[in-house]
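1. here you go, sequence then predicted model.
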Amino acid sequence: MLRDITLGQYFPGDTVAHRLDPRTKLALVVLYIVGLFMAKNWISYGLVFLVTIACMAVSHIKPKTLMKGLKPLIIIIVLTAVLNLFYTPGTQIIEGVPMTWEGLKKAFLLVMRILMLISGTFLLTYTTSPIALTDGLEKAMNPLKKLRFPVHEMSMMMSMALRFIPTLTEETDKIMSAQKARGADFETGNLLQRAKALIPILVPLFVSAFRRADELAIAMESRCYHGGEGRTRMKQLKYAARDAVAYLLGILFVAAMVVLRHYGL
Amino acid sequence: MSVIIQTENLHHRYPDEEEDSLKGVDLSIEKGSFVAILGHNGSGKSTLAKHFNGILTPTEGKVWINGMDTSDDEKLLAIRQTVGMVFQNPDNQIVANVVEDDVAFAPENLGVPSEEIRQRVDSALKQVGMYEYRMHAPHLLSGGQKQRVAIAGVIAMEPEVIVLDEPTAMLDPKGRREVVSTVSRLCREKGITVVLITHHMNECVDADRLVVMSGGRIIADDTPAKVFSQVSLMESEGLTVPATTQVLNTLNQQGYDFPLEALTVEQCAAAIAANLNA
């Protein structure tokens, strides 16, 4: 069950999307989100949809993979849809039932917005290795160092967190099996009972996570880690021609969205 | 040969503890040697290891690494670069999601130029036989492979000494052999000083020197063959001797007179055969 979590997972590959500089991809995601939030109506939403499909095609990510990642968010999506469907004023679809045509449209577009928002960010993590991603973030946020913002520390923390996701997932599985073997029941009972059943998993998991953190810190220090100062990188980030093209396309996309929004499309 | 690690009347007490974990350890380790430190849990062997690169500093006494005092904060980075450390749990010492990025971690911290890091990483991975796995995710490797990646991560730092703190405790027999043969080869071929902390007798057999610890003190310090021949001392410390020594010792108790220094099965068989012929 825990193996299904694809959030923040990287699928190695060698497409143009994989080879783009992580800074470019980060900027593209920001532009994509800006564009997405400019969308107001059918045509503009349609354009964002086409762009999303194009990005998926370029990065060779199958819709199925993406859908798997969206699964945990179903509740939020359904809730948003239902609320909008019932609470938007307008003409009722069936007399007496508080569902409106306006609500239906709003619900549909909002669901599309959430789905595309998440798909866009997923495409980033699917095509960018976590290390490249944190490197990109660190570089992109470098100017903030002048404001004494701990840029290096943040990116190091992020990459450590990502590094330990599979390790801790494996450990959770092990603890669950151990507790099941001793008669723990995670599948039956109401929500409260099931939440309570998770305590015997979370406690050992946290204890071990702290122990791991301690050992990791010692191991890092033993390998001469002493903060970001004077640190070099084996793989240095370099912009290529394709990055310029990508930036251009991103800006064109936002410009198109601005125009569409202006005409209310 | 020159001395690379030296401890002088080393005492250490953990905060909130009543008793010293190390009670006056005097040890000097020569450059290029392969030293095994043996002891059961609580003997102070891991505490001693953590003094070799300044993770712990002495409560009393001194530790010198290449003439540098580990209590001197200014020298800490140089000491850690001289003495690389490999720990018990391979999962908790791998910092990156890709093998080669992990090996690059130490040289990156030291500010080595990019091209040189690349060379060091490739050469370190080749030395431990993990080059073809350089693009793999560490969590998908076996325990022995992970531990070899950890060793590569230390070699990339170009240390003079590698201290391994029970590197095989969490591994299966195959992984254990992989790790021990890798470090003993690094010592013989590259001249790297190896300090192997363990509680497995068999891993000490290859060492030039065997130090046995108990209750925070050194109780034996000699070649493995000589140390293991002190069967009664080993047994009183709750340590078993290798099966070969055990066979010969049992025979001696029956009135034979075998030298107890035969460590391999071949040596042991030869000794018995020689006695039968005589």
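-> That came through fine. Numbering: from 1, shown residues only, chains lettered A, B, ... in the order given.

2. let me see the mean pLDDT of the longest helix seen in chain B.
-> Longest helix in chain B by number of residues (criterion: DSSP state H): helix B:173-190. Mean pLDDT, helix B:173-190: 88.

3. same deal with stretch B:92-100?
-> Across stretch B:92-100, the average pLDDT comes to 89.

4. immediately after the helix or strand encompassing residue A:169, which helix or strand?
-> In the assignment (DSSP states H and E), residue A:169 maps to helix A:151-181. Note on helix A:151-181: by DSSP H and E, the next helix or strand toward the C-terminus is helix A:191-197.

5. using PDB, write out every CA atom in that next one.
-> Extracted C-alpha coordinates of helix A:191-197, given in PDB (Å, rounded to 0.1, in the frame of the first residue of the first chain):
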ATOM      1  CA  LEU A 191     -12.000   6.400  11.600                       C
ATOM      2  CA  LEU A 192     -11.100   7.100  15.200                       C
ATOM      3  CA  GLN A 193     -10.300   3.500  16.000                       C
ATOM      4  CA  ARG A 194      -8.100   3.300  12.900                       C
ATOM      5  CA  ALA A 195      -6.300   6.500  13.700                       C
ATOM      6  CA  LYS A 196      -5.700   5.100  17.200                       C
ATOM      7  CA  ALA A 197      -4.300   1.900  15.600                       C
END
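
6. which SSE is immediately downstream of it?
-> helix A:199-222.

7. same for that next one, what does it pack against?
-> helix A:151-181, strand B:83-86 (3 or more Cβ pairs under 8 Å, 6 or more residues apart in numbering or on different chains; DSSP states H and E). C-beta here means a position set from N, CA and C on the backbone, and glycine is covered the same way.

8. how about the helices in the chain?
-> Using chain A. So, for chain A - with DSSP H - the helices run A:16-19, A:22-38, A:42-58, A:63-70, A:74-87, A:101-127, A:130-140, A:151-181, A:191-197, A:199-222, A:241-262.

9. let me rephrase: I mean chain B.
-> Counting by DSSP H, one finds helices in chain B at the ranges B:45-51, B:76-82, B:99-109, B:114-127, B:143-155, B:173-190, B:224-228, B:231-236, B:243-253, B:265-277.

10. make a markdown table out of those and add mean neighbour count.
-> A markdown table is the format used below for the helices of chain B (neighbours: other Cβ atoms under 10 Å in any protein chain shown):
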| stretch | mean neighbour count |
| --- | --- |
| helix B:45-51 | 23 |
| helix B:76-82 | 20 |
| helix B:99-109 | 26 |
| helix B:114-127 | 18 |
| helix B:143-155 | 26 |
| helix B:173-190 | 18 |
| helix B:224-228 | 22 |
| helix B:231-236 | 15 |
| helix B:243-253 | 17 |
| helix B:265-277 | 13 |
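
11. which of these sits closest to residue B:215?
-> The closest approach between residue B:215 and any of the helices of chain B, judged by Cβ to Cβ, belongs to helix B:45-51 at 11.1 Å.

12. mind giving me the packing neighbours of that closest one?
-> The helices and strands touching helix B:45-51, judged by 3+ Cβ pairs under 8 Å, 6+ apart, are strand B:3-12, strand B:22-30, strand B:34-38, strand B:161-165, strand B:193-198.

13. about what we covered before: and among the helices of chain A, the most buried is which?
-> Among the helices of chain A, ranked by average contacts under mean count of other Cβ atoms under 10 Å in any protein chain shown, first place goes to helix A:130-140 (a mean of 21).

14. tell me the helices and strands packed up against it.
-> Judged by 3+ Cβ pairs under 8 Å, 6+ apart, helix A:130-140 is in contact with helix A:22-38, helix A:151-181.

15. worst average pLDDT in these?
-> Among the helices and strands packed on helix A:130-140, helix A:151-181 has the lowest mean pLDDT, at a mean of 87.

16. close to chain B, is it?
-> Yes - shown here: helix A:151-181 in contact with chain B (Cβ under 8 Å from any Cβ of the partner chain) through A:159-160, A:162-163, A:166-167, A:170.

17. which among the residues you listed gets closest to chain B?
-> Using Cβ to the nearest Cβ, residue A:166 is the member of the residues of helix A:151-181 next to chain B that lies nearest chain B, at 4.5 Å.
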